[in-house]
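>>> got a sequence here, can you model it:
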Amino acid sequence: MTVTWRPDRLRPDGNNPALLVVYGAYGQCLDSEWQPSRLSMLDRGWVVALCHVRGGGEQGNTWHHAGRQLRKLNSFHDLAACAARLKRGRLTRAGSMAVQGHSAGGLAVGAVLHLYPGLFAAAIARVPFVDPLATMLDPSLPLTQHEYDEWGDVRQSEVAGYVGGYSPCDNVRRQAWPWVYATAAYADTRVGYWEPARWVARLRAAGA
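Numbering: from 1, shown residues only. Have a look, this model is predicted:
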């Protein structure tokens, strides 16, 4: 985990807002380059944490393979562990954390919201891959078979049950949901606009 804050803005009691950023898929490293847009957040006392969860490529192929297919839950547990570490270090506290992810990182965002209810106060999901089970069961989509290598072949009952257990769209229920900001894109070739639209509709129906 890469954590950034301004020492002169940090409250020692842990009463600091924190943004956790996640991706964790396809063996890709989370972009840790400096982003000027985050300077305003740091100036206002935010803590920004880049969560290098399993499924990404930060520690090589072993790290990637530990967070793919039937080990995908590790990515979500790692994200929750990052949040817990920030609280233990008194960098933030419960009720002051937001989480952000895009595309496959949006899947981690959506999954952790139902696996760890109440952990985050807000969530930003940009074109999130939140309906993996239905998407990969549709052979008419151009990337369906390509995705089997990362998430598993959902035509197999064991894999379908595993993916369905964490799929955000399939696990919306009445619980304590945070504020959620989700976006979709008509031109995105990887994530259909109907995925976040379906997820948001179900969240609203569940009282989110």
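>>> does Val48 really touch Ser40, like I thought?
No - under the criterion of Cβ atoms under 8 Å, Val48 is not in contact with Ser40, lying 11.0 Å apart. The way it works is simple: take the backbone N, C-alpha and C, and place the C-beta from them, glycine included.
>>> which one of those two is surrounded by more residues?
Regarding Val48 and Ser40, a neighbour count based on other Cβ atoms under 10 Å identifies Val48 as having more, with 18 against 9.
>>> wait, is the more buried one part of a helix?
No - residue assignment for Val48, taken from DSSP: H, G, I helix; E, B strand; the rest coil, gives strand, which places it outside any helix.
>>> what's the distance between it and Asp13?
Counting by Cβ to Cβ, to the nearest Å, the separation of Val48 from Asp13 is 19 Å.
>>> average pLDDT for the longest helix along the chain, rounded please.
Assignment by DSSP state H gives helix 73-88 as the longest helix of the chain. For helix 73-88, mean pLDDT is 98.
>>> buried residues in the helix or strand bottoming out on mean pLDDT in the chain?
The weakest-scoring helix or strand in the chain, judged by mean pLDDT, DSSP states H and E, is helix 144-151 (a mean of 87). Using 16 or more other Cβ atoms under 10 Å as the burial criterion, the residues of helix 144-151 that qualify are Glu147, Tyr148, Glu150, Trp151.
>>> please apply the same query to stretch 172-191.
Buried positions in stretch 172-191, judged by neighbour count with 16+ other Cβ under 10 Å: Val172, Trp177, Pro178, Val180, Ala182, Ala184, Asp188, Val191.
>>> surely the first one is in contact with Val200?
Meaning Val172. No - between Val172 and Val200 there is no contact, the gap being 9.8 Å when judged by Cβ under 8 Å.
>>> count of residues packed around Ala197?
Applying other Cβ under 10 Å, we find 14 residues neighbouring Ala197.
>>> go ahead and list the helix or strand containing it.
Secondary-structure element containing Ala197, defined by DSSP states H and E: helix 194-205.
>>> for the record, mean pLDDT for that helix?
For helix 194-205, the mean confidence score works out to 95.
>>> next one: it to chain centre, how far?
Counting by Cα atoms, centre = their mean, to the nearest Å, helix 194-205 is centred 16 Å from the centre of its parent chain.
>>> and the contacts of it?
With Cβ atoms under 8 Å, 6 or more residues apart in numbering as the contact definition, helix 194-205 has outside contacts at 106, 110, 125, 127-131, 135, 168-169, 172, 177, 180, 182-184.
>>> all helices of the chain, in order?
In the chain, the segments counted as helices under DSSP H are 39-43, 61-65, 73-88, 104-115, 132-136, 144-151, 157-166, 194-205.
>>> ok, Asn171 - contacts?
Ala111, His114, Gly165.
>>> let me have those in JSON lines, extended by distance to Cys29, neighbour count and pLDDT.
Compiled in JSON lines, the contacts of Asn171 are given as follows (distance: Cβ to Cβ, whole Å; neighbours: other Cβ atoms under 10 Å; pLDDT from 0 to 100):
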{"residue": "Ala111", "distance to Cys29": "20", "neighbour count": "25", "pLDDT": "98"}
{"residue": "His114", "distance to Cys29": "27", "neighbour count": "18", "pLDDT": "96"}
{"residue": "Gly165", "distance to Cys29": "27", "neighbour count": "14", "pLDDT": "97"}
